[in-house]
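J.: kindly return the folded structure for what I paste below:
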Amino acid sequence: MMKNKFAKKLLAFVLTGAMLLALAACTKTPQEPETPAVQPSEPETPVTPEEPSPAESPAEPEEPVPAQPEQPSDPEPEAPKLATDEELLRLVEMQDTDRPAQTPFLISRTDSDSSVVFRVEFRSASGWLLYGAKEYEASFNDDGGHLVSTMWLSTYDTPQLSAQATDPEALMSLVINMEVGMLGEHGFNFSDPSEFTSDELYTAYLLLAAEEELQARYNEAEQKYFISTRHITAVLDRYFKDYSFDITQCSQYDATFDGIVTSTVSGFGGNRFMKILNVSPKEGTLEVRFDADFYADETEKDVTMQKSYTIEFYDDGYYYLSAMEFVVN
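T.: As a prediction, the model looks like this:
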């Protein structure tokens, strides 16, 4: 009885062990293959996260860049002219020998490879009066210049005012020295030349006479100028009508010489700031009327005086007919 119990216990133990071994075999995990060794790499530098930028403000509009003016290219050198202006005028004088009292003035010219077409006005020697205008064509070769053709553009039985007689700059040149130098009681203000005193007319003589005329009056031995009535009136006659001059009424009159004796005939310095306005030729005459504004300085802002002048032109020059001052408000 004891042996059967032992045998049963032993059999139960053996069966239990066999079951455990079988269970272990079924649940055993298969061995993973070995991973080859990996060389250690340097640790990566941590990337600093980019800070969030503030909200972008709208871009300011760019100021427009002013356009730079184009630099002017150097002008091409002018082709050499076939003839000078003086040479052209000599051809005219050789052609038009029937106009000895008139002076040719070159007005325009057009040059080509072998010829020149030019226009000439025939004026008085002073340039103030116009008698006619003519067009010429001249050709040039080794023998010189030759007139090919001529054509009258205009001709007048009586002289006309030239463009020079109505040019503001030319007119200013006639009155500016008188305004600077005539500083007597009346200045250069008159409705008729008879209003001038003898001293004022003597001053006008000094302003209008050519330098050669004044130097001809100088006496080297005496170191003075000796000026007689005939010297003064010869000049005044070219610029004034109906004046009255008495040399004995002049402050520098010398009774012994019966004329003016002085050590100086110059010294008219200064300037006047003026602008010529409203040039008006008087129809049917050779007279020109023009106005002028006078200014305090070169800025030409403040008008200090206004005047009106009348001048009459003739072949050899011009007459001052009047110079009247206006009241400036």
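
J.: now the strands for this protein?
T.: 103-111, 115-123, 129-141, 144-161, 218-219, 224-227, 253-254, 259-262, 273-281, 287-295, 303-314, 317-326 (DSSP state E).

J.: can you give me the angle the last one makes with strand 287-295?
T.: Regarding strand 317-326 and strand 287-295, their directions subtend 50 degrees when assessed with axes from the mean of the first three to the mean of the last three Cα atoms, to 10 degrees.

J.: measure how strand 317-326 sits relative to strand 303-314, angle-wise.
T.: Orientation check (the same axes, to 10 degrees): strand 317-326 against strand 303-314 gives 150 degrees.

J.: any regions of the stretch 1-150 of the chain where pLDDT drops low?
T.: For the stretch 1-150 of the chain, the stretches with pLDDT under 70 are 1-80, 100.

J.: go with 50
T.: The model of the stretch 1-150 of the chain has pLDDT under 50 over residues 2, 30, 33, 35-38, 40-41.

J.: nearest to G187, out of the strands of the chain?
T.: strand 317-326 (8.1 Å; Cβ to Cβ). C-betas here are computed from N, CA, C, even on glycine.

J.: who are the packing partners of that closest one?
T.: Judged by 3 or more Cβ pairs under 8 Å, 6 or more residues apart in numbering; DSSP states H and E, the packing partners of strand 317-326 are helix 168-181, strand 303-314.

J.: ok and the last one relative to strand 144-161, angle-wise?
T.: Going back to what we said before, that points to strand 303-314. With the same axes, to 10 degrees defining the directions, strand 303-314 sits at 110 degrees from strand 144-161.

J.: check which residues of strand 303-314 are buried.
T.: For strand 303-314, burial by neighbour count (16 or more other Cβ atoms under 10 Å) applies to M305, Q306, K307, S308, Y309, T310, I311, E312, F313.

J.: and the longest one, by the same measure?
T.: Residues of helix 168-181 classed as buried by neighbour count (16+ other Cβ under 10 Å): A170, L171, M172, L174, V175, M178, E179, G181.

J.: pick the one among these closest to E300.
T.: M172 (13.6 Å).

J.: tell me if I'm right that the closest one and I276 touch.
T.: Yes: assessed by Cβ atoms under 8 Å, M172 is found in contact with I276 at 5.1 Å.

J.: overlap in contacts of the two?
T.: Counting by Cβ atoms under 8 Å, 6 or more residues apart in numbering, the common neighbours of M172 and I276 are A292.

J.: out of the buried residues of helix 168-181, which comes closest to K224?
T.: Nearest member of these to K224, counting by Cβ to Cβ, is G181, at 20.8 Å.

J.: tell me the pLDDT at T166?
T.: We have a pLDDT of 96 for T166.

J.: in contact with it, which residues?
T.: Listed by Cβ under 8 Å, 6+ apart, the contact set of T166 reads V279, P281, V288.

J.: ok, it to E222 distance?
T.: 46 Å (Cβ to Cβ, to the nearest Å).

J.: before we move on, the earlier item: of the buried residues of strand 303-314, which is the nearest to E86?
T.: F313 (25.9 Å).

J.: is the closest one bridged to anything, and to what?
T.: Counting by DSSP bridges, F313 is bridged to Y318.
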